[in-house]
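Q: pasting the sequence and the predicted coordinates here, then a few questions.
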Amino acid sequence: MQTEVIIAGFGGQGVLFAGQLLAYAAMDEGKQVTWIPSYGPEMRGGTANCTVIISDEEIGSPLVFHPKAVIAMNRPSLDKYEPMIKPGGVLIINSSMVDRKATRTDIKVVEVDANVVAEKLGDKRLSNMVLLGALLHQLGVMPAEAIEKALRSHLPERHHKLLPQNYEALHEGARFQVVEI
């Protein structure tokens, strides 16, 4: 089975980190993985996205035209990637940053007020983990525990004090459910 995911938003929202973490977790689980980042020249505020492919078998091409899932962290990302999702796929929307609803009725849509949840957890930078938790819950490609393990294994030791907040953010994101369109 092969699963393609696009995570997109503004630079500084943790888009690339969330994708890289998903790739590390899948790799640690013995899956075949590709991770391709794409970003503008700006440090923060420019566009950023990444594609992650997770597969049980060798991956033929790292290019993704119709992903199984998308995390849209801002309005431009929703506008660009919603039409591309495979029918039956999953769309996770950061409703804190997006001022419109999804229009497709042939996909599962989850609206996550990620910035508010992250701030309640004590750090607005956790919004990417909240959204990743929602994605994992809906997609079922791997358990949240795999992401937790990847965080422990791949985060520099100096950041390990942040692990409990990241774990909590993943679990909070998993609480959000599909909305009816």
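A: On my side now, so go ahead.
Q: now the residue sitting nearest the centre point of the chain, nearest residue through space, not along the chain?
A: The structure's the chain has its C-alpha centroid closest to L132; by CA atoms, centre = their mean the separation is 4.2 Å. Counting by CB to CB, 6 or more residues apart in numbering, L132 lies nearest to A18, which is 5.0 Å off, once chain neighbours are set aside. (Glycine included, C-beta is placed from N, CA and C.)
Q: coming back round to it: the residue nearest to the centre of the chain sits in which helix or strand?
A: Using DSSP states H and E, L132 falls within helix 127-139.
Q: just the buried residues of that helix, please?
A: For helix 127-139, the neighbour count (16 or more other CB atoms under 10 Å) marks 127-139 as buried.
Q: who touches whichever helix or strand comes after that helix?
A: Secondary structure here is assigned by DSSP H and E; on that basis, the next helix or strand after helix 127-139 toward the C-terminus is helix 144-154. By CB atoms under 8 Å, 6 or more residues apart in numbering, the list of residues contacting helix 144-154 from outside reads 21-22, 24-26, 28-29, 132-133, 136-137, 160, 163, 166-167, 170-171, 174.
Q: would you list the buried entries among these?
A: Using 16+ other CB under 10 Å, the buried ones in those are 21-22, 24-26, 28, 132-133, 136-137, 166-167, 170, 174.
Q: quick check, nearest of these to I54?
A: When the buried ones among the contacts of helix 144-154 are compared for distance to I54 (CB to CB), A26 comes out closest, at 4.3 Å.
Q: who does the worst-scoring helix or strand of the chain on mean pLDDT pair up with?
A: Confidence across the helices and strands of the chain bottoms out at strand 178-179, with a mean of 90, counting by mean pLDDT, DSSP states H and E. In the sheet containing strand 178-179, its partner strands are strand 108-112 (antiparallel), by DSSP bridges.
Q: just the CA coordinates of the partner strand, formatted as CSV?
A: Provided in CSV are the C-alpha atoms of strand 108-112 (Å, rounded to 0.1, in the frame of the first residue of the first chain):
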residue,chain,number,x,y,z
LYS,A,108,-13.2,13.4,4.5
VAL,A,109,-12.7,16.9,5.9
VAL,A,110,-11.4,17.7,9.4
GLU,A,111,-11.4,21.3,10.6
VAL,A,112,-8.9,21.7,13.4
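Q: list the buried residues of the helix or strand just after that strand.
A: Downstream of strand 108-112, the next assigned helix or strand under DSSP H and E is helix 114-120. Neighbour counts using 16+ other CB under 10 Å place 114-115, 117-118 of helix 114-120 among the buried residues.
Q: avg pLDDT for helix 114-120?
A: Mean per-residue pLDDT for helix 114-120: 97.
Q: packing partners of it?
A: Helix 114-120 makes packing contacts with helix 127-139, helix 163-173 when contacts are defined by 3 or more CB pairs under 8 Å, 6 or more residues apart in numbering; DSSP states H and E.
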